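*Asks:* Build the 3D model from these lines:
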Amino acid sequence: MYQLLIKRFVYQNDRGYTLAEALIALTVFMTCAASFPLMYDATYRILDASKSEKNTEWEIFIIQLRNELQKSSNWNVMDGKLNYELEGSTTSISQYEDKLRRQINGQGHEVMLQNVKKAAFALKGGKLYIHVTFQDGEEEGTSLYPFNQTSS
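*Replies:* Here you go, the predicted model:
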């Protein structure tokens, strides 16, 4: 009976690792080691894609604002808002929570730029300066020139 119990529990002993256990441990380690570069590459690609998306959004924001400002007049910056006259109405661009929004005559909520931590507008020497800090800490800025308008 004692011999039968020994044969039944042959893998439970105090003599150390068997070759099978070593091969299993090596297989698990190699699988983890082989997947690390794949996870690193996937993470890098995701971060790169999100950065590209943010840069595209910034470029679209600047193009849209530049086109609108070309048709506008009476630029001014007051209380952190960019205000200008366009087609008989007052348009403003301001930060609202983590977005830059556009309002016409104080109404509406058109999102122009997302994930904004801080936005600053300044008029100096007839030029409009825009500086934006995004929530990931990255900063962007530009300056826009008036096109045959009066700016204050």
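*Asks:* how about the helices in this structure?
*Replies:* Here the chain has its helices, by DSSP state H, at 2-8, 19-70.
*Asks:* quick one: low-confidence parts of the protein?
*Replies:* Low-confidence segments of the chain, defined by pLDDT under 70: 1-15, 147-152.
*Asks:* On the strand side of things, show who residue 100 bridges to.
*Replies:* residue 95, residue 113 (DSSP bridges).
*Asks:* next one: residue 129
*Replies:* residue 122, residue 143.
*Asks:* same thing with residue 77?
*Replies:* Applying DSSP bridges, one finds that residue 77 bridges with residue 82.
*Asks:* That one: how many residues sit nearby?
*Replies:* Number of residues near residue 77 (other Cβ atoms under 10 Å) recorded here: 19. Heads up, the C-betas are built off the backbone N, CA and C, glycines and all.
*Asks:* and what of the one 10 residues further on?
*Replies:* Neighbourhood size, residue 87 [other Cβ under 10 Å]: 8.
*Asks:* just the one 3 residues further on next, same as before
*Replies:* Using other Cβ under 10 Å, the number of residues around residue 90 comes to 14.
*Asks:* who are the neighbours in contact with residue 58?
*Replies:* 113, 132, 140 (Cβ atoms under 8 Å, 6 or more residues apart in numbering).
*Asks:* wait, the second one sits on residue 121?
*Replies:* No - between residue 132 and residue 121 there is no contact under Cβ atoms under 8 Å: 9.8 Å.
*Asks:* gap between the closest residue to residue 112 other than its chain neighbours and residue 27?
*Replies:* With sequence-adjacent residues excluded and distances taken as Cβ to Cβ, 6 or more residues apart in numbering, residue 112 is closest to residue 100, at 4.9 Å. Using Cβ to Cβ, to the nearest Å, we find residue 100 at a distance of 53 Å from residue 27.
*Asks:* out of those two, which sits in the more crowded spot?
*Replies:* Neighbour totals were compared for residue 100 and residue 27, and residue 100 leads with 21 against 10 (other Cβ under 10 Å).
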